[in-house]
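Visitor: Give me a 3D structure for the following:
(one chain, ligands or ions: 1)
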Amino acid sequence: MNVLVINSGSSSIKYQLLDPDSARVVAAGVVQRIGEPVAEGSPSIEHQSEGRTFEHDGEVPDHATGLRLVFDLFAESGHDLAEAGLRAVGHRVVHGGEVFYEPTLVTDEVLEAISQLSALAPLHNPANVVGIESARELLPGVPQVAVFDTAFFHGLPAAAKTYAIDAKVAAAHGVRRYGFHGTSHQYVSGQVAEFLGREPAELNQIVLHLGNGASASAIRGGKAVDTTMGLTPLEGLVMGTRSGDLDPGIIFHLIRTADMDVNDVDALLNRQSGIKGLAGVNDFRELGRLIDTGDAAARLAFDVYIHRLRRYIGAYLVELGRVDAITFTAGVGENDARVRAAALAELERFGIRVDPARNTAKDRSARYISPDDAEVAVLVVPTNEELAIARAAARLVG
Ligand code: AMP
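Guide: Here you go, the predicted model:
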């Protein structure tokens, strides 16, 4: 029996219908530009089912309409969701705050609590709530399960999750490091243990989730002990459009001297920074092409990205003391050999080596990129957040 997984973002909904046991994907798709005008030649909904593509071209005014149209496409493609005997609907929810740290069956109270956490994730949690509400309406009898992006990091040690600010202010406003991409870090670290044929409890790992958003985690014996994202997904690594770490004084400086208000700075740091802010593009394929043409801004963006990444790899090597595996995952981590090689260059003295032929091999499955005799296993492991959410939801409903 299948699970429908919904990842409802601020202007998009990604979804998959899949079997959590076999990992077989029955159908998948994306609703884009919700609430925006139609774009010529670019469908607002693309739905893939058993090798066929179904599209919707009209404007999608809101999430509820988007999901209703998706349900129509399911029916059109021969998988009427109302009749499919769904086991559950699994929802990706970005912020679980202090309240949620396990997959949770959605009730009115749970939905209200997720909504209350919107102050911590204003771009994400409201969209997640709308996605859950719409799915409940369209599939009234099916259990809805929320899976939180912060959950895997709930147990971070106090020293890793505490910001050095006035403790009373922090407590009153929920200011601590929560971490994000937890579903991916947990899934990938589990896959690493399986790939190596070892128990998760025996392994110290660094996982580098490098997508458009990016984060690193240090995992000891299956438990996260540090991660780069914090109160929000803005902290840490340089990302496609986000700055990652910076001197917080920059924010005050810009507000005082650049005629920017807090929303301007928020938009600057979340959407106009990172690789995009430095090189003008945020896709690493584009960035690679620019670097190859000798574009100096693109080169600098790459160097800043790698500098930050190496800083955290170094920090986590020290924190963990002994590292068994370093794993690259997500869009950039799985595909960009240049990033992987630069991230781990000249670390032989720490037992870390990347084999150039393995690193550049075209292979989409979990694999070694370190030589056979290397002390530290360096791996590329595809992430699969949808499968992880589907499995979590199926486990919860039994
Ligand atoms: P994600 O957020 O995990 O979906 O990753 C999306 C990002 O992965 C894109 O913005 C690209 O920067 C990067 N990406 C995807 N495919 C490739 C590729 N073949 N080579 C380099 N980067 C890629």
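
Visitor: so what pLDDT did residue 375 get?
Guide: What the model reports for residue 375 is a pLDDT of 97.

Visitor: That one - nearest residue in space that isn't next to it in sequence?
Guide: residue 351 (2.9 Å; C-beta to C-beta, 6 or more residues apart in numbering). Heads up, the C-betas are built off the backbone N, CA and C, glycines and all.

Visitor: Tell me the secondary structure at the residue in the stretch 51-200 of the chain that the ligand sits nearest to.
Guide: Closest residue of the stretch 51-200 of the chain to the ligand, C-beta to the nearest ligand atom: residue 184 (8.6 Å). Following DSSP: H, G, I helix; E, B strand; the rest coil, the label given to residue 184 is helix.

Visitor: In space, what's closest to it - neighbours in sequence excluded?
Guide: Per C-beta to C-beta, 6+ apart, closest to residue 184 is residue 383, 4.5 Å.

Visitor: What's the local residue count around the one you found?
Guide: Residue 383: 24 surrounding residues under other C-beta atoms under 10 Å.

Visitor: Let me see the ranges of the strands in this structure.
Guide: Secondary structure of the chain by DSSP state E: the strands cover 3-8, 13-18, 25-31, 45-49, 52-56, 88-93, 104-105, 144-148, 204-210, 214-220, 223-227, 325-329, 367-368, 377-380.

Visitor: Could you dump these into CSV with mean neighbour count and distance to residue 392 added?
Guide: Listed next are the strands of the chain as CSV, based on neighbours: other C-beta atoms under 10 Å; distance: least, C-beta to C-beta, whole Å:
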stretch, mean neighbour count, distance to residue 392
strand 3-8, 26, 9
strand 13-18, 23, 13
strand 25-31, 21, 17
strand 45-49, 19, 23
strand 52-56, 14, 28
strand 88-93, 28, 7
strand 104-105, 18, 10
strand 144-148, 27, 5
strand 204-210, 26, 18
strand 214-220, 26, 18
strand 223-227, 22, 16
strand 325-329, 26, 18
strand 367-368, 16, 26
strand 377-380, 22, 23
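
Visitor: Can you add distance to the ligand and give those back as JSON lines?
Guide: JSON lines is the format used below for the strands of the chain (distance: least, C-beta to the nearest ligand atom, whole Å):
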{"stretch": "strand 3-8", "distance to the ligand": "11"}
{"stretch": "strand 13-18", "distance to the ligand": "10"}
{"stretch": "strand 25-31", "distance to the ligand": "11"}
{"stretch": "strand 45-49", "distance to the ligand": "15"}
{"stretch": "strand 52-56", "distance to the ligand": "19"}
{"stretch": "strand 88-93", "distance to the ligand": "13"}
{"stretch": "strand 104-105", "distance to the ligand": "25"}
{"stretch": "strand 144-148", "distance to the ligand": "17"}
{"stretch": "strand 204-210", "distance to the ligand": "8"}
{"stretch": "strand 214-220", "distance to the ligand": "8"}
{"stretch": "strand 223-227", "distance to the ligand": "17"}
{"stretch": "strand 325-329", "distance to the ligand": "8"}
{"stretch": "strand 367-368", "distance to the ligand": "16"}
{"stretch": "strand 377-380", "distance to the ligand": "12"}
